[in-house]
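Enquirer: What follows is a protein structure lacking sequence information:
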């Protein structure tokens with residue numbers, strides 16, 4: 001590595017070298033990388049530059065640092081994307097609305113494939129989940145985890161290892177704002193909406209399943225509208 005590199009340029013060079021090393025050596029998730037010491041010797045740079053590059057690669061989810069064991073390639077994940085989502089949602093209400101719209105586009109786009117591939121075992125699991133959901137409502141307990149699990153079961157049949165973490169990222173991002181619930185929301189109406197989605201899936205009616213999904217998301221859009229109104233009102237009050 002060029003001795004003329006200094007500061008940020010040197011760190012960036014180490015950062016890029018490690019990424020290229022993963023590609024050139026056809027490394028897969030879980031495979032070991034060179035240790036920090038080996039990277040120092042290989043590149044002829046200071047340990048601080050290597051550590052800075054390693055921390056950055058860890059923060060964006062490319063490598064995993066296992067203290068005492070070394071550096072390893074991570075599976076594809078949306079950690080950095082999720083962090084950006086959650087950060088943006090704290091001060092930019094528009095981000096909330098746009099993320100929900102992206103989720104609606106994705107789910108309504110793939111529901112057709114899910115309807116075609118889902119099997120009886122998955123349908124039975126969804127039936128049991130909705131029964132558990134009803135019990136939670138009757139006992140005054142929360143059900144957001146069951147809502148997430150419903151959608152996870154529905155789309156896991158697609159066996160797309162990139163899509164599912166993205167859906168999970170949406171759930172985690174929105175869960176950080178769950179205290180801003182719609183005060184007049186009817187939990188039984190939400191449950192019945194999911195029953196209608198499941199009934200459409202059971203009948204293999206893609207058009208109806210998509211229609212029921214859109215109806216389901218209407219409550220989410222109502223929540224987002226309220227959240228934006230509250231956020232704008234707070235900003236206005238703070239600016240006075």
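Expert: Alright, I've got the coordinates. Nothing here was measured: the structure is a model prediction, and the numbers come from that model.
Enquirer: Give me the phi and psi for residue 70.
Expert: Backbone torsions for residue 70, taken as degrees, to the nearest 10, come to phi 120, psi -160.
Enquirer: Go through the chain and flag its longest helix.
Expert: helix 206-239 (DSSP state H).
Enquirer: starting at the chain centroid, how far to that one?
Expert: 19 Å (CA atoms, centre = their mean, to the nearest Å).
Enquirer: And that helix, what's buried?
Expert: 206, 208-210, 212-213, 216-217, 220, 223-224, 227, 231 (16 or more other CB atoms under 10 Å). C-beta coordinates here come from the backbone N, C-alpha and C atoms, glycine included.
Enquirer: Can you list the helices and strands that it packs against?
Expert: helix 93-117, helix 187-202 (3 or more CB pairs under 8 Å, 6 or more residues apart in numbering; DSSP states H and E).
Enquirer: what's the spacing between residue 112 and residue 204?
Expert: Separation of residue 112 from residue 204 (CB to CB, to the nearest Å): 10 Å.
Enquirer: next one: residue 122
Expert: From residue 122 to residue 204 the distance is 13 Å (CB to CB).
Enquirer: anything in contact with each of the two?
Expert: Residues touching both residue 122 and residue 204 (CB atoms under 8 Å, 6 or more residues apart in numbering): none.
Enquirer: Can you pick out the residue with more neighbours from the two?
Expert: residue 122 (16 against 11; other CB atoms under 10 Å).
Enquirer: helix/strand/coil for that one?
Expert: helix (DSSP: H, G, I helix; E, B strand; the rest coil).
Enquirer: OK, contacts around it?
Expert: 153, 154, 156, 157.
Enquirer: measure it to residue 129 for me?
Expert: On the measure of CB to CB, residue 122 and residue 129 end up 10 Å apart.
Enquirer: which neighbours do the two share?
Expert: Counting by CB under 8 Å, 6+ apart, the residues touching both residue 122 and residue 129 are residue 153.
Enquirer: Let me know the pLDDT of the residue nearest the centre of the chain.
Expert: The centre of the chain sits closest to residue 169, judged by CA atoms, centre = their mean, with a distance of 1.1 Å. Residue 169 is assigned a predicted lDDT (pLDDT) of 72.
Enquirer: ok, now residue 179?
Expert: 51.
Enquirer: Ok, residue 83 next?
Expert: pLDDT recorded at residue 83 is 70.
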